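# Fold the following, please.
(one chain, ligands or ions: 1)
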Amino acid sequence: MSYAARSTIWIILYLLFILAPLFILLAGPTPPARDFWTEFSAALGYAGLSMMGLQFGLTARFRYVTEPWGEDVIYHFHRKISLIAVALVIAHPLILFAVRPELLALLNSFTAPWRARFAAISTYSLIAIVVMALWRVKLRISYETWHISHIVLAVVAVTAGLAHMVGWGVYLVDPWKRALWLALTLFWIALLLHVRIVKPLFMLRRPYRVAELRQERGDTFTLAMDPVGHAGFRFRPGQFGWLTVRNSPFRITGHPFSFSSSAEAQGGRVEMSIRKLGDFTSGINPSASASTSTAPTAPSPSAIRPTCMC
Ligand SMILES: Cc1cc2nc3c(=O)[nH]c(=O)nc-3n(C[C@H](O)[C@H](O)[C@H](O)COP(=O)(O)OP(=O)(O)OC[C@H]3O[C@@H](n4cnc5c(N)ncnc54)[C@H](O)[C@@H]3O)c2cc1C
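Purely as a prediction, here's the structure:
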């Protein structure tokens, strides 16, 4: 199937995943209609939460999803669409406060019921996600710290958002509608577990050994890696892989590096030319003065696990 056809299918599926849970709420018996703005703000809240949940899918790095666009485009989309999703979620209470000012009392988390507290937890987590994503460097937060907080805050935001919806319950009185949203949330969390646990488990079975560490000009080293007990993978020029080091593919943060070896090389060897920049790359390039020709840093066969994002 052509890339254009696959892209179209994924866009339709994306819209379906966002809009279907919203329209399903209108199936069967519905609660008495409220004023337009209250209903509109509720719809924004539901759509925003669906979009937030689907972010777990965008970052799950499923090859058949990323292939038509390329992973960089998917991440760019993830970043931009998050801002829209957060704007929808924040618009939800703002509209309610404007049309029903008595609801402002719910902002006092000491006296508010739990369903409102959950809404506050979800909204504050989303705001923290956006602030940290946009101003991470200015706030001097390291990439790794940011990455872990990003995941934790996202899970908190989505779970608390769901708890708020179930707690308020206007549209989720029917058990099957509640079950559907619960299943949807579990699906989003399962995507996260897939990335963090299932994928690394598969990577454990395809280890790489550091075969060579060559110094290039300046602060750059080339790391050559050979597959151990498997045939490796093929890549195309211009593609990159995610690198985790020191025996654990379970590390939260993998670092992206382009393949600098020939895509036609035989034997599964891959090379990455890595410039010393921060803590991770300094660990790869242990000494800028050494002109190392063997692989001393991590002799364990499972030390480095490149994965192709082809
Ligand atoms: C698609 C792609 C291909 C790349 N190819 C190469 C390459 O061939 N050679 C090379 O030397 N560098 C490459 N980089 C850059 C490389 O990933 C970063 O220099 C490296 O991750 C920095 O890590 P650090 O901890 O040493 O530095 P830090 O000081 O922690 O980070 C420096 C900056 O690098 C970025 N960064 C850090 N960690 C990550 C991460 N896990 N994922 C994405 N960005 C991160 C952040 O913007 C950060 O501010 C590539 C980056 C991307 C996105």
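
# Kindly list the longest helix within the protein.
Identified as the longest helix of the chain according to DSSP state H is helix 71-99.

# any idea how far residue 215 lies from the ligand?
As for residue 215, its distance to the ligand is 13 Å (criterion: Cβ to the nearest ligand atom, to the nearest Å). Just so you know, the C-beta spots here come from the backbone N, C-alpha and C atoms, and that holds for glycine as well.

# That residue: neighbour count?
Residue 215: 17 surrounding residues under other Cβ atoms under 10 Å.

# Quick one: neighbours of residue 235, just the number.
Using other Cβ under 10 Å, residue 235 is surrounded by 19 other residues.

# quick check, it in a helix?
No: with DSSP: H, G, I helix; E, B strand; the rest coil as the criterion, residue 235 is located in coil rather than a helix.

# wouldn't it be in contact with residue 259 here?
Yes: look at residue 235 against residue 259 with Cβ atoms under 8 Å: they come within range, at 5.4 Å.

# Just the buried residues of the strand or helix carrying residue 14, please?
Secondary structure from DSSP states H and E places residue 14 in helix 3-24. By 16 or more other Cβ atoms under 10 Å, the buried positions in helix 3-24 come out as 10, 14, 17-18, 21-22, 24.

# One more: stretch 150-166?
Going by neighbour count (16+ other Cβ under 10 Å), the buried part of stretch 150-166 is 150-151, 153-154, 156-166.

# was I right about residue 160 contacting residue 121?
Yes: using Cβ under 8 Å, residue 160 is in contact with residue 121, at 4.1 Å.

# Contact partners for the residue of the chain found nearest the ligand?
Using Cβ to the nearest ligand atom, the closest approach of the chain to the ligand is made by residue 278 at 2.0 Å. Counting by Cβ atoms under 8 Å, 6 or more residues apart in numbering, residue 278 makes contact with 142-143.

# Next step: the buried residues of stretch 150-166 restricted to helices.
Judged by DSSP H, these include 150-151, 153-154, 156-166 as members of helices.

# tilt between the following helix or strand past the helix holding residue 14 and helix 71-99?
On the C-terminal side of helix 3-24, the nearest following helix or strand under DSSP H and E is helix 36-58. Helix 36-58 runs at 160 degrees relative to helix 71-99, counting by axes from the mean of the first three to the mean of the last three Cα atoms, to 10 degrees.

# what's helix 36-58 packed up against?
Helices and strands touching helix 36-58, by 3 or more Cβ pairs under 8 Å, 6 or more residues apart in numbering; DSSP states H and E, are helix 3-24, helix 71-99, helix 143-168, helix 175-193.

# would JSON lines of these with mean pLDDT and distance to the ligand be doable?
What follows is those, written out as JSON lines (pLDDT from 0 to 100; distance: least, Cβ to the nearest ligand atom, whole Å):
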{"stretch": "helix 3-24", "mean pLDDT": "86", "distance to the ligand": "19"}
{"stretch": "helix 71-99", "mean pLDDT": "93", "distance to the ligand": "6"}
{"stretch": "helix 143-168", "mean pLDDT": "92", "distance to the ligand": "4"}
{"stretch": "helix 175-193", "mean pLDDT": "88", "distance to the ligand": "17"}
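
# Now render those as TSV, adding distance to residue 222.
Formatted as TSV, those follow (distance: least, Cβ to Cβ, whole Å):
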stretch	distance to residue 222
helix 3-24	32
helix 71-99	22
helix 143-168	23
helix 175-193	34
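
# Compare those helices and report which one is nearest to residue 263.
Among the helices and strands packed on helix 36-58, helix 71-99 comes nearest to residue 263, with 17.1 Å by Cβ to Cβ.
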